[in-house]
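J.: Make a model of this:
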Amino acid sequence: MSTRNIAKALGRLGGLARAKRLSAEQKKNIASLGGHARSRSLQAARRIVENFRYAKALRGLAKTPDKPERVKNTESPLPGIYA
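T.: Below you'll find the model as predicted:
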């Protein structure tokens, strides 16, 4: 057996011993804490993605010119204006 397998087996034994020692209420509390931590982590990940989208949109707006360029002469009549 490798040291990794031995460590896994010992860890499993310790986990089983701890599970026997804990009451049902304590196990429920531990599971609840894990669920809350997972939920907060997912919410943080969503906020990060949303912030990156917002920053990208702001960068896109910053690249637009303040005033549109004027075109004095056109080669042909503008479409949709003349009937």
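
J.: hey, which helix is longest across this structure?
T.: helix 24-62 (DSSP state H).

J.: so how far is it from its chain's centroid?
T.: The chain centroid and the centroid of helix 24-62 are separated by 6 Å, computed with CA atoms, centre = their mean, to the nearest Å.

J.: Let's test this: mean pLDDT of it, rounded?
T.: Looking at helix 24-62 alone, the average pLDDT works out to 94.

J.: Report all helices and strands that it contacts.
T.: The helices and strands touching helix 24-62, judged by 3 or more CB pairs under 8 Å, 6 or more residues apart in numbering; DSSP states H and E, number zero. For the C-beta atoms, the positions are set from N, CA and C on the backbone; glycine is no exception.

J.: now do 10 Å
T.: Packed against helix 24-62 by the contact rule (3 or more CB pairs under 10 Å, 6 or more residues apart in numbering; DSSP states H and E) you find helix 3-21.

J.: how far does the helix it packs on sit from the chain's center?
T.: Per CA atoms, centre = their mean, the centroid offset for helix 3-21 relative to its chain is 33 Å.

J.: I'd like to know the average pLDDT value across it.
T.: Computed over helix 3-21, the average pLDDT equals 88.

J.: May I see the buried residues of the longest helix of the chain?
T.: Of the residues in helix 24-62, none is buried under the neighbour-count criterion (16 or more other CB atoms under 10 Å).

J.: Just want the angle from it to helix 3-21.
T.: Angle between the axes of helix 24-62 and helix 3-21 is 120 degrees (criterion: axes from the mean of the first three to the mean of the last three CA atoms, to 10 degrees).

J.: The chain should start at 9 in everything you say after this.
T.: All set: I'll call the first residue 9, so the last point we hit is now helix 32-70.

J.: so who does R26 touch?
T.: Residues near R26 by CB atoms under 10 Å, 6 or more residues apart in numbering: Q34, K35, I38.
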